[in-house]
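1. coords please:
(2 chains)
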Amino acid sequence: MFIKDYISDVYKAAKSLLTGMKTTGYYFTHPKEIVTEQYPDNRDTLKMAERFRGEVIMPHDENNEHACTGCTACELACPNATIKVITKFDISPEGKKKKALDTFVYHLELCTMCGLCVEACPTSAIKMGNNFEHSVFDRSKLLKTLNNEGSKIREGVE
Amino acid sequence: MYTETQILKETSTSLLNGEGELVINVGPQHPATHGVLHLVITLNGETIKKIEPHLGYIHRSIEKMCESLTYRQFIYVTSRMDYLSAHINNHACAMAVEKAMQIEVPQRAQYIRVILDELTRIASHELWWGALAMDVGAFTPFFYAFRERETITDIMEETCGARLTMNYMVPGGVMADIHPNFQQRVKDFIKLFKKNVDEYDDLVTGNVIFQNRLKNVGYLSPEDAISYGCSGPVARGSGVKSDIRKIAPYDIYNQVQFDEVLETAGDSFARYLVRVKEMRQSISIIEQLIDNIPEGEFQAKTKAVLKPPKGEFYTRVETARGELGVYIVSEGGTTPYRIKFRSPGFSNLSALDHISRGSKIGDLMATMGTLDLVIPDIDR
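-> Now for the predicted structure:
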């Protein structure tokens, strides 16, 4: 029964196409179910997840103090040599020498945002920030110093 | 070195003695190869006589790089191999280090790992589904697939901290505990996905044009699947049992109920069906685990510097594309002496020449789409 098979094939084919078109039609008539976000127009309302790894930052408190002891654990943990910790020796009032952070150099252009430095830090001095818009016109602008000028280590952090 | 002229000379003298043969290049920049894969195709009219893949365009020497990184550091690099199942790659590497160091992973970490593995598998299959439909000419399925995939990447972003290259695994567990919203969001996703996966069937699976493009195209027999080393959905589409989650269960896969999806037809449509059914199986695995995550540690206590003993260690996992093996040779130092990855994409690609010979060039993209090739996984 060649003709019967042929007609049934055509019928099934047309039906399968209409089934697909039904789904397309549903979304065509329900524009509220469209989920597209209009970046960068929605920049003001855009909220990143708090754990999102965008860059390494070093939080400072209101007294311009950080928690970095200069132990270089992050430098050793980094797979790409992104971090360079330069230390100095502070002399305490009793005359003792104490190792302290001088400059925390961070190469953003080398960073892969793996988060291993934050994992390695014993004093939680660094964390991953949420900013992800890093494009600049000059590569040298990506070389950052994370500790603020004149900042010192918080009391009680060893 | 193997130059184009040599290939032309060889193919024109030894392989092709007839008339009207044509050698064309697909790639290295071609939208349907989904990456920098270069195929040198020898044609007789429209019939494919020979396909020769040229690799190396995205070779980053990840294996050599790993030799200079410590056992904690090298895990993040493997996210860049098969970037669609980055989490599962990291899982394999973390497991290899744990095997070497004899670290016991806490139950909670194992549950989290398996749930995230399955979410990654669904995300990977969704992207493949959209890309395959686009390869054979349908454009909108790509957006439908990305709609659900976006939900998964949002979950990943919230818990792991990144959308694609998660790097959430550390030797001994996971980097941080799951986000408080994690369970609720996964449950919402399952509810949404169950509704939407039926839409996939309506849109594409039942579509007569799509079926005619894939059925009886790219036939791979079970014997060939084994001899070419195919694994994952490619082998299972030919009826070869190859699911590592069933053969050699790792973490808590022996405690969950799921079926190994097998299709016996061996053509492109069978491989398509395997992946669509696997998405449903992954959903069922997540459903079993999501409410039963035990309390406890998410990371075992490990030493700051990992120094595995001298020896050789091998682990294998089932990624979205097939079997991924991680082989570590340790000399007792802080960095591995040698690391070898057995990637599923490379073996699956090797079958492409065999299954496409004799078919028309128009079918090549459909065949290649169902092999689900990720080029950085092939080249590493």
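2. how about stretch B:350-362: buried residues?
-> B:Ala351, B:Leu352, B:Asp353, B:Ile355, B:Ser356, B:Ser359, B:Ile361 (16 or more other C-beta atoms under 10 Å in any protein chain shown). Every C-beta, even on glycine, is put in place using the N, C-alpha and C of the backbone.
3. Turn the residues you listed into TSV, including secondary structure and pLDDT.
-> Putting these into TSV (DSSP: H, G, I helix; E, B strand; the rest coil; pLDDT from 0 to 100) gives the following:
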residue	secondary structure	pLDDT
B:Ala351	helix	88
B:Leu352	helix	88
B:Asp353	helix	87
B:Ile355	helix	88
B:Ser356	helix	86
B:Ser359	coil	86
B:Ile361	helix	85
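4. with these in mind, which one is nearest to chain A?
-> B:Ser359 (22.7 Å; C-beta to the nearest C-beta).
5. Next up, the contacts around that closest one.
-> B:Thr47, B:Ile48, B:Val217, B:Gly218, B:Thr367 (C-beta atoms under 8 Å, 6 or more residues apart in numbering or on different chains).
6. likewise B:Ser242?
-> Per C-beta under 8 Å, 6+ apart, neighbours of B:Ser242: B:Cys230, B:Ser231, B:Gly232, B:Ala235, B:Arg236, B:Gly322, B:Glu323.
7. Which residue, other than its chain neighbours, is closest to the last one?
-> This means B:Glu323. The spatial neighbour of B:Glu323 that comes closest, neighbours along the chain excluded (C-beta to C-beta, 6 or more residues apart in numbering or on different chains), is B:Ser231 at 4.0 Å.
8. Compute the distance between the one you found and B:Ser124, please.
-> For B:Ser231, the distance to B:Ser124 (C-beta to C-beta, to the nearest Å) stands at 15 Å.
9. one step back: which of the contacts of B:Ser359 fall in strands?
-> Using DSSP state E, B:Thr47, B:Ile48 are the members of the contacts of B:Ser359 that sit in strands.
10. List just the nearest of the contacts of B:Ser359 to B:Ser79.
-> B:Thr367 (28.2 Å; C-beta to C-beta).
11. ok, so what distance separates the nearest residue to the closest one once chain neighbours are set aside from B:Leu37?
-> Spatial nearest neighbour of B:Thr367, excluding adjacent residues (C-beta to C-beta, 6+ apart): B:Gly218 at 3.5 Å. Look at B:Gly218 and B:Leu37: by C-beta to C-beta, they are 16 Å apart.
12. cool, and B:Ile152?
-> In terms of C-beta to C-beta, B:Ile152 sits 26 Å off from B:Leu37.
13. contacting residues for whichever residue of the stretch 201-350 of chain B sits closest to chain A?
-> Nearest residue of the stretch 201-350 of chain B to chain A, counting by C-beta to the nearest C-beta: B:Val208, 3.8 Å away. B:Val208 makes contacts with A:Lys12, A:Ala13, A:Ser16, A:Leu17, as judged by C-beta under 8 Å, 6+ apart.
14. tell me the contacts of the second one?
-> The reference is to A:Ala13. B:Val208.
15. And the pLDDT for it?
-> A:Ala13 carries a pLDDT value of 84.
16. mind checking the SS state of it?
-> helix (DSSP: H, G, I helix; E, B strand; the rest coil).
17. So for the lengthiest strand in chain A, what gets flagged as buried?
-> Longest strand in chain A by number of residues (criterion: DSSP E): strand A:97-107. By neighbour count with 16+ other C-beta under 10 Å, strand A:97-107 contains the buried residues A:Leu101, A:Phe104, A:Val105, A:Tyr106, A:His107.
18. what does stretch B:246-254 give?
-> B:Tyr250, B:Asp251, B:Ile252, B:Tyr253.
19. now stretch A:73-82
-> Buried, per 16+ other C-beta under 10 Å, within stretch A:73-82: A:Ala73, A:Cys74, A:Glu75, A:Leu76, A:Ala77, A:Cys78, A:Pro79, A:Asn80, A:Thr82.
20. wait, A:Cys71 sits on A:Ala120?
-> No - judged on C-beta atoms under 8 Å, A:Cys71 makes no contact with A:Ala120 at a distance of 9.5 Å.
21. What parts of chain A come near chain B?
-> Residues of chain A found near chain B (C-beta under 8 Å from any C-beta of the partner chain) are A:12-13, A:16-17, A:19-20, A:22-24, A:35, A:48-49, A:51-53, A:77-79, A:112-116, A:119, A:128.
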